[in-house]
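> using only what follows, build the 3D model:
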Amino acid sequence: MRARIREFFAAHEVLEVETPALSDAAATDPPLHSLECQYHGPGPRTLYLHTSPEFAMKRLLAAGSGSIYQFATVFRDNEAGRLHNPEFTLLEWYRVGVDHHALMDEVAALVRHALEDRVPSGPIQKLSYREAFERSLGLDPHSAPVAALAARARKNGLSIPASMPDDDPDAWRDLLLTHVVEPTLGRGQLTFLYDYPASQAALARIRPDHPPVAERFELYMEGIEIANGFHELTDAAEQRARFERDNTRRRERGAAALPMDERLLAALAHGLPECSGVALGFDRLVMCAAGAQSIGEVLAFPIKRV
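Presented below is the predicted three-dimensional model:
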């Protein structure tokens, strides 16, 4: 599969790169948990294992690399289960001069090339985040208040964590998405979910619709999220503000604030070209190819065997 993917990118003139796994900066996004280590050489300091190669790859884009891709071993603390391992492989790539809709089409083409006859050949499905919630739950996720989201979760018999906040609609949206909406997606066809709530933009652009939406997408196959992509934010000031908001939310949850990637922010200020990027879970793609039910079946050494 790696060979077929490299063949695909060679045909599309996308350059393979390699970036460091260690960084002085960490992922500030509250749902992500960076693993840290201590460097004892000259200039000893705390370093963080990357949760994605995104920041370093964007620095290459700002330096004029053009479209690039990478197979990256990445690390996330607090993640282990049927679909998660704290060490896993991301296939991440960035296409200069395209929006997220064009990138969705390329993701579908790459997945079909990688999986050959193991993926449905029919048309791909594209659903907005709103359409998916309306189909599965009969409500508009952008306008529904927390009380309505919570009532729908209880109506569907979901187990509500004791720590569930009563003032954060995104927490309830995520609960409904992962437990009710996601299992219906990608059944017999490649399905893309796009135009997420603006509050879930992370590193994506926000389009000023009514309401505003994040130009972000995810790919699903047989109820499993395979890829997460963005029409990339290029505004350094806005990205800094988002990092700062992330750290504020971390402190509010009793967690430590984390160092922002100043080198990424400098690269954005220098000038990131118009581009879209996507991170695809390579191990999950292998799961689909092998008909496996858990990520541990396709890893030589999952966390319980290292």
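
> so where's the stretch 51-200 of the chain uncertain?
Using pLDDT under 70 as the threshold, the predicted model of the stretch 51-200 of the chain has no low-confidence range.

> which stretches in it count as strands?
Using DSSP state E, counting those that start in this stretch, the strands assigned to the stretch 51-200 of the chain run over residues 68-75, 87-96, 125-128, 191-197.

> so which of those strands is nearest residue 5?
When the strands of the stretch 51-200 of the chain are ranked by distance to residue 5, counting by C-beta to C-beta, first place goes to strand 87-96 at 6.6 Å. The way it works is simple: take the backbone N, C-alpha and C, and place the C-beta from them, glycine included.

> could you tell me the angle between the closest one and strand 68-75?
Using axes from the mean of the first three to the mean of the last three C-alpha atoms, to 10 degrees, one finds that strand 87-96 and strand 68-75 are set 160 degrees apart in direction.

> pairing partners for strand 87-96, with directions?
In the sheet containing strand 87-96, its partner strands are strand 68-75 (antiparallel), strand 275-281 (antiparallel), by DSSP bridges.

> quick revisit: would you turn the strands of the stretch 51-200 of the chain into JSON lines with distance to residue 266 and mean neighbour count?
Formatted as JSON lines, the strands of the stretch 51-200 of the chain follow (distance: least, C-beta to C-beta, whole Å; neighbours: other C-beta atoms under 10 Å):
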{"stretch": "strand 68-75", "distance to residue 266": "19", "mean neighbour count": "20"}
{"stretch": "strand 87-96", "distance to residue 266": "18", "mean neighbour count": "22"}
{"stretch": "strand 125-128", "distance to residue 266": "35", "mean neighbour count": "17"}
{"stretch": "strand 191-197", "distance to residue 266": "28", "mean neighbour count": "23"}
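
> put together TSV for the strands paired with strand 87-96, with distance to residue 18 on each row.
Listed next are those as TSV, based on distance: least, C-beta to C-beta, whole Å:
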stretch	distance to residue 18
strand 68-75	6
strand 275-281	16
